[in-house]
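Chemist: Next come a sequence and a model predicted from it.
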Amino acid sequence: MTQILVFEPASPFRLDLVVWALRRQPHNRIDLFGDGVYRRVYVRHDRKWVVHLKQIQRDPAPKIESEISGEPGDSEEFSWIREQLVWSLGMDREMAGFAAMAESDPILSSLSDRFRGFRPPRFPSLFEALLNAVACQQVSLHLGILLLGRLAQACDGSDLQGEGALLPFPTAESLLKQDMTTLRRVGFSQGKIAALRGLAEEESLGHLNRDRWADLPNDVAVQQLIQLRGIGRWSAEYALLRGLGRLDVFPGDDSGARKSLEALFGEKKPLDYEAVKALLKRWQPYAGLVYFYLLLRRLEIHGDLSSGPVGGGKKERPPE
């Protein structure tokens, strides 16, 4: 069964920039982008749909076309997929306030002009944001994304030695079915396995539903998140920004982001957590948006971003 959805986000909008902020690495096997097409699998109630999105029209009237294929679905299910896409790709984001601030700030203006059309994305769920955080703790981003791909492959029932392409993000149920041996073979330590299982249990109980966290102040949300096994300050702030979309949150313990911030300001000495907060105070409530811009700068330096016409983009690299 195939369904076509059309989105018309406010201008400016560039799908490739948004997707790369989700992907972060070329070997991401959950969020794929190649030849101008974004691909992802959505799972709900044990039913799977493969979504292909492509920007078919540029500014000043951007248009995104989505083709959904998979198991038969009703209008409610396709409405749910639409909501997920709008949320994840930031198509509902209001950027006027940031644009006004950037006009009078040369650094922000440079970033916003360079990546015109970017909208800050969000992971589809708080659960996904927290699993991403755990996978990337104390390892390189490259390895963290690699581990998530292996986990997704194991939870999908695929051969861990295979080279499958697009994979659905693990559900709580599929993760809890994995035994210790499988998760160790994926590459997770015993501590991370305990954290992943604990998060899956919280998700299955409904404790990570976004609505339960929507009205909590940042400091309260952080304190509650760090009560979860394996979640510290960095993971909690990362989840607030990437899972709940709170643009006033900049994960101050993020080493990669700190180094990018140091380079941006020409700092000679490493910044600590408090120094990061002090430096970014001038840009509140958009410090988290700066986090994304710094990520895009790193991706650009590495040659991952495309600045070509709509439909352009680097071809998908094979999984590593």
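Modeler: All right, it came through fine. Residues are numbered from 1 along each chain as shown.
Chemist: hang on, residue 52 in a strand?
Modeler: Yes. Assessed by DSSP: H, G, I helix; E, B strand; the rest coil, residue 52 belongs to a strand.
Chemist: pLDDT weak spots in the protein?
Modeler: The chain contains residues with pLDDT under 70 at 72, 158-164, 306-320.
Chemist: Strands of that one, residue ranges please.
Modeler: All strands of the chain, identified by DSSP state E, fall at 2-7, 32-34, 37-44, 47-57, 63-70.
Chemist: Quick check: neighbours of the first one in the sheet, parallel or antiparallel?
Modeler: Partner strands for strand 2-7, per DSSP bridges, with pairing direction: strand 63-70 (antiparallel).
Chemist: Buried residues, the strand it pairs with. List them.
Modeler: Buried residues in strand 63-70, defined by neighbour count with 16 or more other C-beta atoms under 10 Å: 64, 66, 68, 70. C-beta coordinates here come from the backbone N, C-alpha and C atoms, glycine included.
Chemist: before we move on, back to that, would you format the strands of the chain as a markdown table with distance to residue 132 included?
Modeler: Compiled in a markdown table, the strands of the chain are given as follows (distance: least, C-beta to C-beta, whole Å):
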| stretch | distance to residue 132 |
| --- | --- |
| strand 2-7 | 24 |
| strand 32-34 | 16 |
| strand 37-44 | 14 |
| strand 47-57 | 19 |
| strand 63-70 | 23 |
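Chemist: What's the separation between the residue of the chain positioned farthest from its centre and residue 262?
Modeler: Relative to the centre of the chain, and counting by C-alpha atoms, centre = their mean, the farthest-placed residue is residue 268 at 30.4 Å. Residue 268 sits 8 Å away from residue 262, going by C-beta to C-beta, to the nearest Å.
Chemist: overlap in contacts of those two?
Modeler: In terms of C-beta atoms under 8 Å, 6 or more residues apart in numbering, residue 268 and residue 262 are not both contacted by any residue.
Chemist: what about residue 136, how many neighbours?
Modeler: The number of residues packed near residue 136 is 22, by other C-beta atoms under 10 Å.
Chemist: Also the one 5 residues further on?
Modeler: If you count neighbours by other C-beta under 10 Å, residue 141 ends up with 16.
Chemist: now swap in the one 4 residues further on and tell me
Modeler: Residues within reach of residue 145, counting by other C-beta under 10 Å, total 24.
Chemist: Now tell me what touches stretch 255-274 from outside.
Modeler: 107, 141, 250-253, 276, 279-280, 290-291, 294-295, 297-298.
Chemist: Narrow those to those in helices?
Modeler: Those of the contacts of stretch 255-274 mapping onto helices are 107, 141, 276, 279-280, 290-291, 294-295, 297-298, per DSSP state H.
Chemist: Identify, from those, the entry nearest to residue 207.
Modeler: Nearest to residue 207 among the ones in helices among the contacts of stretch 255-274: residue 291, at 26.1 Å, using C-beta to C-beta.
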